[in-house]
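**Q** no sequence for this one, just the structure:
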């Protein structure tokens, strides 16, 4: 097992790693829409937050020597399922066919009041 760490994504704020590489896979922790340069959420709505969350995920994967085209599964957490279409529009800018498997769920709340959080698993 190998921990992945990059300053191009938000630092872990608890007892977890940005990602773990094991058994030929990369398990990336959920990425919030935090700009790693400021430590703050990006301004805007769910589209901007989705874009930043996926950018953070891409940066974590790149630190492990992978990219989004190697993602086999994502989980998208939304604060409100009414934001699904807007999230999906931005999500489609980051992935190409064959698209990864995906789950998208609405949750009661996300850390710091985020509108979206994205986690992914990639194959090396």
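**A** Perfect, I can see it now. The model shown is predicted, which means the values in this text are computed figures rather than measured ones. Numbering: from 1, shown residues only.

**Q** For the residue nearest to residue 114 when sequence neighbours are not counted, which residues are in contact?
**A** Leaving aside its sequence neighbours, residue 114 sits nearest to residue 32 (CB to CB, 6 or more residues apart in numbering; 5.0 Å). Every residue, glycine included, has its C-beta placed from N, CA and C. Listed by CB atoms under 8 Å, 6 or more residues apart in numbering, the contact partners of residue 32 are 10, 41, 53, 56, 110, 111, 112, 114, 117.

**Q** what about the fifth one, how many neighbours?
**A** The burial metric for residue 110, expressed as a neighbour count using other CB atoms under 10 Å, is 17.

**Q** wait, doesn't it sit right on residue 116?
**A** Yes. Using CB atoms under 8 Å, residue 110 makes contact with residue 116 at a distance of 7.3 Å.

**Q** residues shared between the contacts of the two?
**A** Shared contacts of residue 110 and residue 116 (CB under 8 Å, 6+ apart): 77, 79.

**Q** ok so residue 117 is a strand residue?
**A** Yes. Assessed with DSSP: H, G, I helix; E, B strand; the rest coil, residue 117 lies in a strand.

**Q** Could you tell me how many residues sit around it?
**A** Using other CB under 10 Å, residue 117 has 23 other residues around it.

**Q** what sits against it?
**A** By CB under 8 Å, 6+ apart, the contact list for residue 117 reads 30, 31, 32, 53, 76, 77, 110, 111.

**Q** Name the helix or strand for the first one, please.
**A** So that's residue 30. For residue 30, the host element (DSSP states H and E) is strand 25-31.

**Q** how about the helices in the protein?
**A** If DSSP state H is used as the criterion, the helices of the chain fall at 46-63, 84-94.

**Q** Out of the ones you listed, which one sits most buried?
**A** helix 46-63 (a mean of 23; mean count of other CB atoms under 10 Å).

**Q** Give me the contact list for it.
**A** Counting by CB under 8 Å, 6+ apart, 4-6, 8-10, 18-19, 26, 28-29, 31-36, 41-42, 67-68, 70-71, 78, 83, 86-87, 89-91, 93-94, 114-120, 122 sit against helix 46-63.
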